[in-house]
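Q: give me a 3D structure for the following:
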Amino acid sequence: MLELAILGFLYDTPLHGYELRKRLTALAGHVRPVAESTLYPAIKRLEKAGLLARATEPGAVAAPRHVLTLTDEGRQELRRRLAEPAARDVTDENRWFTVLAFLRHLADAGAQAAVLRRRLAFLEEPASFFYEGDRPLSAEEVDDPFRRGVLTIARATSRAELSWLRETIASLDAASA
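A: Numbers count the residues shown, from 1 in each chain. Sure, this is the predicted structure:
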């Protein structure tokens, strides 16, 4: 997901490493802070793959800055990853938010709707964090107030997301009709 987020942010505008790291941290830092030891190897992999280019600009005060720009191949790769997200990218909430943050870069409303439909199908499946055998438990069936809290909050979040997904899919379908 780090690579997807790098490609997504660079799709909008060239950035130097520090600014890119700030944006990545703002997107997912509350879940996984982005360490330099993770970011810079990812940038090098993307650069080696021809998905981004690096240019050196004079620094405002001290050392020169490396500005990263997405290549045409990088733009194509971002759109491919958005159009065909892995199953885990649709089912894991944090990974899903990264996909969602850049889904606007898919120009085709039908392709955007197809990705949203995958998330909708996942959310419509009966599920819970807690089970009795194979049966998912609802908040009302759990005595532990903390587990009940987890389930109550998750249900409210899921309802809001389901509503948004249905509304957005309908809007995208109308736009592509």
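
Q: and stretch 14-23, what's buried?
A: Pro14, Leu15, His16, Gly17, Leu20, Arg21, Arg23 (16 or more other Cβ atoms under 10 Å). Where C-beta positions appear, they are placed from N, C-alpha and C, glycine not excepted.

Q: roughly how far does the last one sit from Ala63?
A: As judged by Cβ to Cβ, to the nearest Å, Arg23 and Ala63 stand 21 Å apart.

Q: and for the fifth one?
A: For Leu20, the distance to Ala63 equals 17 Å [Cβ to Cβ].

Q: check the first one too.
A: Using Cβ to Cβ, one obtains 18 Å as the distance from Pro14 to Ala63.

Q: which residues of the protein fall in strands?
A: 15-16, 52-57, 65-70, 131-132, 135-136 (DSSP state E).

Q: as JSON lines, those with mean pLDDT would be great.
A: As requested, the strands of the chain are exported to JSON lines (pLDDT from 0 to 100):
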{"stretch": "strand 15-16", "mean pLDDT": "90"}
{"stretch": "strand 52-57", "mean pLDDT": "88"}
{"stretch": "strand 65-70", "mean pLDDT": "89"}
{"stretch": "strand 131-132", "mean pLDDT": "91"}
{"stretch": "strand 135-136", "mean pLDDT": "90"}
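
Q: which among the ones you listed is found nearest to Ser176?
A: Nearest to Ser176 among the strands of the chain is strand 65-70 (25.9 Å), distances taken as Cβ to Cβ.

Q: so what touches that closest one?
A: Strand 65-70 is contacted by residues 6-7, 10-11, 14-18, 20, 43, 47, 51-59, 78 when judged by Cβ atoms under 8 Å, 6 or more residues apart in numbering.

Q: quick one: stretch 77-97 to chain centroid distance?
A: Per Cα atoms, centre = their mean, to the nearest Å, the displacement of stretch 77-97 from the mean C-alpha position of its chain is 6 Å.

Q: give me the contacts around it.
A: Residues contacting stretch 77-97 (Cβ under 8 Å, 6+ apart): 1, 4, 7-8, 11, 27-28, 31-32, 51, 70, 98-99, 102-103, 105-107, 111, 114-115, 118-119, 122.

Q: could you export the strands of the chain as a markdown table, including distance to Glu36?
A: Listed next are the strands of the chain as a markdown table, based on distance: least, Cβ to Cβ, whole Å:
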| stretch | distance to Glu36 |
| --- | --- |
| strand 15-16 | 13 |
| strand 52-57 | 16 |
| strand 65-70 | 13 |
| strand 131-132 | 41 |
| strand 135-136 | 41 |
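
Q: on that earlier part again, reformat the buried residues of stretch 14-23 into CSV and put distance to Ala170 next to each item.
A: Shown next, in CSV, are the buried residues of stretch 14-23 (distance: Cβ to Cβ, whole Å):
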residue, distance to Ala170
Pro14, 36
Leu15, 35
His16, 40
Gly17, 40
Leu20, 35
Arg21, 37
Arg23, 31
